[in-house]
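Chemist: Next input, structure requested:
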Amino acid sequence: MNDLECEQERFFARVGPRLVGSLTLYCGDRRLAEEYAQEALTRAFERWARVGAMASPEAWTYRTAFNVARSAFRRAAVERRARSRLIDRSPLPDTADAIAVRDAVRALPERQRAVIVARFYLGLDVAETARVLDCRAGTVKAHTFKALANLRAAGLVDAEETINDAAG
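Modeler: Now for the predicted structure:
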């Protein structure tokens, strides 16, 4: 084992348990705390040339771990809101129109399909959709535009509706 590996190992052995303990207090779940700590320590390891040279690599690792936890909390909140919207909706009927819509949506490329479902079935706005799909708002808008064009080509959306919906 070289000096760098020894330094990293000592750092992780020193920081790891305290990081898990602090995250357990923060999020109230040791299993999640261990997951978030592991993610932060992995990021520190991957960036060790930069992190190890910082005045306080420990502070960077703690900040990263708490950012990971906060991001997970935000994603969970968005998912809960989406699920509650789903519960409020009745199931799709099996009419010819509904079957045609499902088939056309199923035929879209995966990212376009995900955007269409999030935006128009779950009722998420552009920013919420971007958070759920972990992409930028501009990406959501681009995929919405392309998906609506594909649905229009399949005869499911008229041109005026496409322009108004893609802008929102």
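
Chemist: rest of the way, CA atoms for contacts and neighbours
Modeler: Will do.

Chemist: What are the phi and psi values at the residue most central in space within the chain?
Modeler: Centroid-nearest residue in the chain, with CA atoms, centre = their mean: D134, separated by 3.9 Å. Here is the backbone geometry of D134 (degrees, to the nearest 10): phi 50, psi 60.

Chemist: all numbers from here: first residue = 289
Modeler: Sure thing, new numbering starts at 289, so read that last one as D422.

Chemist: Tell me the buried residues in whichever helix in the chain runs longest?
Modeler: Longest helix of the chain, by residue count under DSSP state H: helix 345-376. For helix 345-376, the neighbour count (16 or more other CA atoms under 10 Å) marks P345, E346, T349, Y350, T352, A353, F354, V356, A357, R363, V366, A370 as buried.

Chemist: ok, then the element right after that helix?
Modeler: The helix or strand immediately downstream of helix 345-376 is helix 384-394, counting by DSSP states H and E.

Chemist: For the next helix or strand after that next one, name the packing helices and strands.
Modeler: Next in sequence after helix 384-394, counting helices and strands by DSSP H and E, comes helix 398-404. Counting contacts by 3 or more CA pairs under 8 Å, 6 or more residues apart in numbering; DSSP states H and E, helix 398-404 packs against helix 384-394, helix 414-421, helix 425-441.

Chemist: Please export the alpha-carbon coordinates of helix 398-404; CSV is fine.
Modeler: Taking Å, rounded to 0.1, in the frame of the first residue of the first chain, the C-alpha atoms of helix 398-404 are listed here in CSV:
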residue,chain,number,x,y,z
GLU,A,398,-38.0,6.4,-23.6
ARG,A,399,-37.0,9.9,-22.6
GLN,A,400,-39.9,11.5,-24.6
ARG,A,401,-42.3,8.9,-23.1
ALA,A,402,-41.1,9.8,-19.6
VAL,A,403,-41.6,13.5,-20.2
ILE,A,404,-45.1,13.1,-21.7
